[in-house]
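Colleague: Got a sequence here, can you model it:
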Amino acid sequence: MPIKRLPVIATVVAVAAAIFFVWRQAGPGPHGRASAPASGGELVATMRTEPKSFDRLVSSRSAEELLSRLTQAPLVRVNRLTGQVEPWLASSWTTSADGLTWTFKLREGVTFSDGAPFTAADVVFTFDALYDPKVGSEEASSLRIHDQPISVRAVDDHTVVLGFPSAFGPGISLLDSLPMLPRHKLQDALAAGRFADAWSVTTPPAEIVGLGPFALSEYRPGERLVLVRNPHYWRRDADGRALPYLDRLDLDIVPEQDAELLRLQSGQADLTTSEVRPEDLAVLKPLADAGRVQLVTAGVSTSPDCLWFNLTPGAAVAKTRPWLQAVELRRAISLAVDRDAIVNTVFLGAAEPVWSPVTPSHGEWYLPDQPHPARDLAEARRLLASIGLTDRHGDGLLEDAADRPARFSLLTQKGHSLRERTAAMLQEQLKQIGLTVDVVAVDPQTIIARYTDRSYDAIYFVAPSDSIDPARNLDFWMSRGAFHYWNASQASPATAWEATMDDLMRRQSTSLDPAERRRLFAEVQRTLSTELPVICFAAPRITIAMSARVRGATPSVLPPLVLWNADTLSVAPGRGASRP
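Modeller: Numbers count the residues shown, from 1 in each chain. Below is the predicted model:
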């Protein structure tokens, strides 16, 4: 697929100006003023997808997660900026020396949005629903510790004890993703086996109650969700004022990013729940110069796009092309790709070259001395020749020992400009070492279906991470994980190096010694850089665009980028976003 090339000098000048402006805006500016927040008003945010359920235990995609964080609340919250665990519905906790027993004191006087009291019975109920096999919660696997559930018991109305089946390095931070649900609203549905349907998208909004800052008021499929201030919300600011500051928050459903940009430009939206594309910075800069838009760079993404091959033993796609599963192929590709060219051409400079899914924004877990081999086409060709891929016809293209073309298909997301353009550059650059790549752009559902039934050669897609702690992402790192992309859900490790990674991650996730955990994960990263089951090229800088009237925003590289602290967002006096 051809890509549009920009004149180099014009691109460098425009990008340099835009990037300088964005970093300048990250300092003192409208979003950082210290004036007292105003109560009242409304904000309009756009979101790319809409929910399939109003219950995060039933569906945990990005839309459900966002809605859950706005209308529900967990026992503890992980601060998206500091990474620290903060008291939330639990006001305090203690733990045993072995890290197995955690005793939580719940806040007193907390009520759900319908006025019903929140007690320890709701905590026990939530865990019952989480692990109930009839519910089949998508969240259950991430809230098991080495495949074992967490036990829970109520001591009294405001005290609960959680029992971990084994020591767990991240501790109670995993509870950040579990919203506490109302027993009085959902217990009958759970008992009757109807829990999955209790809060469907057709359920009247008044039935959806929670402990978050907002309550669902209206849902218009394909159009918007309307959230209003929860009058029973328990949090107050440092001055004792009731939160949230906003009276209303609209989530407009806008699937296309071009349309999101137009709404922000026209003032029909105050912020987007996704980051700004690099190519949009030049469009937004004049609006920022005019004081209409804020641009803030939160940092480098923790979820870069990566390339991986189908490494399932005996996969049909590799039976006639065994070289597809050879580590030499992956190493050759990594050496052949010009990461700087991708950064400058696809991301217009608003990214950093990477060699791993662990980026600098992973903080203490990032391995700065991990090998970053320079581009080397000659070595790449030598590696390909070592697995029998040579140019047998003198046309610059490689064939295998049976004279079949060295060719594979690469699935990526249709309509996602960064992925499509990167895939096109990979196609072009890999042709320089004789590999033929057929880029196939399809919708995400098709990618997921092909991934699930393992009927693909290679995929270029995101490697998502919603926590910087690797032990919170064991589904990716361990061979049994559903998101161990290259060969998911293995009954036992298919390779010796995966067995090594499993052992390292098992020890890493159960250690309570931070230094030892960092050492073990460094070994995991070194194994990954040697075997290259996923190949990463660039991690974008996450830039957030917001209306100048938004106050109190502290954007993060972790989702939800801005609305993670929605209860302390406010608006400057003046006209709000206009409805489309």
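Colleague: where does the closest residue to residue 497 other than its chain neighbours sit relative to residue 465, distance-wise?
Modeller: Distances taken as CB to CB, 6 or more residues apart in numbering put residue 531 closest to residue 497, at 5.1 Å, once the chain neighbours are dropped. Just so you know, the C-beta spots here come from the backbone N, C-alpha and C atoms, and that holds for glycine as well. Distance, residue 531 to residue 465, using CB to CB, to the nearest Å: 19 Å.
Colleague: which one of the two has more residues nearby?
Modeller: residue 465 (23 against 18; other CB atoms under 10 Å).
Colleague: Helix, strand or coil: sort out the more buried one for me.
Modeller: When classified by DSSP: H, G, I helix; E, B strand; the rest coil, residue 465 comes out as coil.
Colleague: again with residue 186
Modeller: Counting by three-state DSSP, the backbone at residue 186 sits in helix.
Colleague: For the closest residue in space to it that isn't next to it in sequence, list the residues it contacts.
Modeller: Spatial nearest neighbour of residue 186, chain neighbours left out: residue 198 (5.5 Å); criterion: CB to CB, 6+ apart. With contact set as CB atoms under 8 Å, 6 or more residues apart in numbering, residue 198 has these partners: 55, 185-186, 189-190.
Colleague: Most neighbours of all those residues, which one?
Modeller: Of all those, residue 55 has the most neighbours under the rule other CB under 10 Å, reaching 28 neighbours.
Colleague: Could you report the separation of the residue nearest to residue 186 from residue 221?
Modeller: 19 Å.
Colleague: residue boundaries of the strands in the stretch 151-300 of the chain?
Modeller: Along the stretch 151-300 of the chain, counting by DSSP state E, counting those that start in this stretch, strands occupy 151-156, 159-163, 214-220, 224-229, 248-253, 271-272, 293-300.
Colleague: What is the burial count for residue 278?
Modeller: 22.
Colleague: Might one say that it is in contact with residue 347?
Modeller: Yes: using CB atoms under 8 Å, residue 278 is in contact with residue 347, at 4.7 Å.
Colleague: Which neighbours do those two have in common?
Modeller: 418, 540.
Colleague: Spit out the contact partners of residue 465.
Modeller: 302-303, 357, 362, 473, 476, 558.
Colleague: Just give the closest residue to it, not the sequence neighbours.
Modeller: Excluding the flanking residues, the one nearest residue 465 by CB to CB, 6+ apart is residue 302, at 4.6 Å.
Colleague: And for residue 401?
Modeller: That would be residue 388: by CB to CB, 6+ apart, it lies 4.5 Å from residue 401.
Colleague: Find the helix or strand that the one you found is a member of.
Modeller: Assigned by DSSP states H and E, residue 388 belongs to neither a helix nor a strand.
Colleague: which residues does it contact?
Modeller: The contact partners of residue 388, taken as CB under 8 Å, 6+ apart, are 323, 400-401.
Colleague: quick one: it and residue 312, what's the gap?
Modeller: Distance of residue 388 to residue 312, computed by CB to CB: 21 Å.
Colleague: Residue 144 now?
Modeller: Going from residue 144 to residue 312 by CB to CB gives 24 Å.
Colleague: next one: residue 561
Modeller: 34 Å.
Colleague: With neighbour numbers in mind, choose between those two.
Modeller: More neighbours surround residue 561 than the other of residue 561 and residue 312, with 21 against 17 (other CB under 10 Å).
Colleague: How about the more buried one: what's its closest non-neighbour residue?
Modeller: residue 555 is the one closest to residue 561 (CB to CB, 6+ apart), at 5.4 Å.
Colleague: Around residue 485, how many other residues sit close by?
Modeller: Residue 485: 22 neighbours (other CB under 10 Å).
Colleague: does it count as helix, strand or coil?
Modeller: coil.
Colleague: Which pLDDT value belongs to it?
Modeller: With respect to pLDDT, residue 485 scores 95.
Colleague: What of residue 25?
Modeller: Note on residue 25: pLDDT of 41.
Colleague: do the one 4 residues further on as well
Modeller: According to the model's per-residue confidence, residue 29 sits at a pLDDT of 40.
Colleague: Residue 578 now?
Modeller: Residue 578 is given a pLDDT of 50.
Colleague: and what of residue 306?
Modeller: Value for residue 306, per-residue pLDDT: 97.
Colleague: and it, how many neighbours?
Modeller: 20.
Colleague: for residue 530, phi and psi?
Modeller: phi -80, psi -40 (degrees, to the nearest 10).
Colleague: now do the one 5 residues further on
Modeller: The phi and psi torsions at residue 535 (degrees, to the nearest 10) take the values phi -120, psi 120.
Colleague: May I have the beta-bridge partners of it?
Modeller: With DSSP bridges as the criterion, residue 535 is bridged to residue 307.
Colleague: now swap in the one 4 residues further on and tell me
Modeller: When bridges are taken as DSSP bridges, the partners of residue 539 come out as residue 352.
Colleague: Repeat that for residue 42.
Modeller: Counting by DSSP bridges, residue 42 forms beta bridges with residue 248.
Colleague: Surely it touches residue 550?
Modeller: No: with contact defined as CB under 8 Å, residue 42 does not count as touching residue 550 (11.4 Å).
Colleague: Look at those two and report which has more neighbours.
Modeller: Set residue 42 next to residue 550 and count neighbours by other CB under 10 Å: residue 550 wins out with 22 against 17.
Colleague: any idea how far residue 38 is from the more buried one?
Modeller: Distance, residue 550 to residue 38, using CB to CB: 12 Å.
Colleague: Show me whatever sits in contact with both of the two.
Modeller: With CB under 8 Å, 6+ apart, residue 550 and residue 38 have common neighbours 571-572.
Colleague: okay, and the common contacts of residue 42 and residue 550?
Modeller: By CB under 8 Å, 6+ apart, residue 42 and residue 550 have these common neighbours: residue 571.
Colleague: Which residue ranges of the stretch 351-500 of the chain form helices?
Modeller: Per DSSP state H, counting those that start in this stretch, the stretch 351-500 of the chain carries helices over the ranges 377-386, 417-431, 444-452, 474-477, 496-510.
Colleague: typo on my end, it should be the stretch 201-350 of the chain
Modeller: 257-266, 281-289, 327-336, 339-345.
Colleague: between the ones you listed, which gets nearest to residue 297?
Modeller: Closest approach to residue 297 among the helices of the stretch 201-350 of the chain is made by helix 281-289 (10.1 Å; CB to CB).
Colleague: list the helices and strands that closest one packs on?
Modeller: helix 8-25, helix 257-266, strand 293-300 (3 or more CB pairs under 8 Å, 6 or more residues apart in numbering; DSSP states H and E).
Colleague: What number of neighbouring residues does the nearest residue to residue 263 once chain neighbours are set aside come out with?
Modeller: Nearest non-adjacent residue to residue 263, counting by CB to CB, 6+ apart: residue 269, 3.9 Å away. Using other CB under 10 Å, the number of residues around residue 269 comes to 26.
Colleague: List the contacts of residue 269.
Modeller: Going by CB under 8 Å, 6+ apart, the list of residues near residue 269 reads 44-46, 252, 254, 260, 263, 547, 577.
Colleague: State the distance from it to residue 292.
Modeller: 12 Å.
Colleague: Are there residues contacting both of the two? Which ones?
Modeller: Overlap of the contact sets of residue 269 and residue 292 (by CB under 8 Å, 6+ apart) consists of residue 547.
Colleague: Could you report the separation of residue 473 from residue 173?
Modeller: Between residue 473 and residue 173 the distance is 12 Å, computed by CB to CB.
Colleague: Of all the residues in stretch 108-116, which ones are buried?
Modeller: 110-114 (16 or more other CB atoms under 10 Å).
Colleague: Closest one of the residues you listed to residue 540?
Modeller: Distances from residue 540 to the buried residues of stretch 108-116, taken by CB to CB, are shortest for residue 113, at 36.7 Å.
Colleague: Need the pLDDT of the closest one.
Modeller: Note for residue 113: predicted pLDDT of 98.
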